[in-house]
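> Here's my sequence, what's the structure:
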Amino acid sequence: MFEINIRLIIKVMKIKEVAELLKAKVYGSEDNINKEVEFAFASDLMSDVLTLKANNVLLLTGLANIQSVRTAEMAEVTNIILCKRKENYN
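The predicted structure is shown next:
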């Protein structure tokens, strides 16, 4: 039999640190920039976002529309990174 060792490395990061690493522009309240996040989840399928069971999640998505914001709200995700340099100007 094979023995599998899996190490999970968790680094809690502040929104400010993530933004600096990604060279991202932060929108929203400046009060939240020092908030810490424990988990990140990447998906363009909002149905997958609704399956999240973790708290304190950072959502990464290429879906830049109101659907991603509403889905994040329903999943109690308060931090979203829009990837692929997408912005919605509507």
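> any idea where the strands of the protein begin and end?
Per DSSP state E, the chain carries strands over the ranges 13-14, 36-37, 39-42, 57-61, 79-82.
> Partner strands of the second one and their direction?
Right, the one you point to is strand 36-37. Here strand 36-37 is paired, per DSSP bridges, with strand 13-14 (antiparallel).
> for the partner strand, what is the average pLDDT?
Averaged over strand 13-14, pLDDT sits at 90.
> what does that strand rub up against?
I33, N34, K35, E36, V37 (Cβ atoms under 8 Å, 6 or more residues apart in numbering). (Glycine included, C-beta is placed from N, CA and C.)
> ok so, going back, out of the strands of the chain, which is the most enclosed?
strand 57-61 (a mean of 21; mean count of other Cβ atoms under 10 Å).
> CA atoms of that strand as CSV?
Output of strand 57-61 as CSV, limited to C-alpha atoms (Å, rounded to 0.1, in the frame of the first residue of the first chain):
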residue,chain,number,x,y,z
VAL,A,57,-13.6,33.3,1.8
LEU,A,58,-12.1,35.3,-1.0
LEU,A,59,-13.8,34.6,-4.3
LEU,A,60,-11.8,34.8,-7.6
THR,A,61,-13.9,34.9,-10.7
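> Could you spell out the sheet neighbours of it, each with its direction?
Here, using DSSP bridges, strand 57-61 pairs with strand 39-42 (parallel), strand 79-82 (parallel).
> Tabulate the ones you listed in CSV, adding columns for mean pLDDT.
CSV is the format used below for the strands paired with strand 57-61 (pLDDT from 0 to 100):
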stretch, mean pLDDT
strand 39-42, 88
strand 79-82, 88
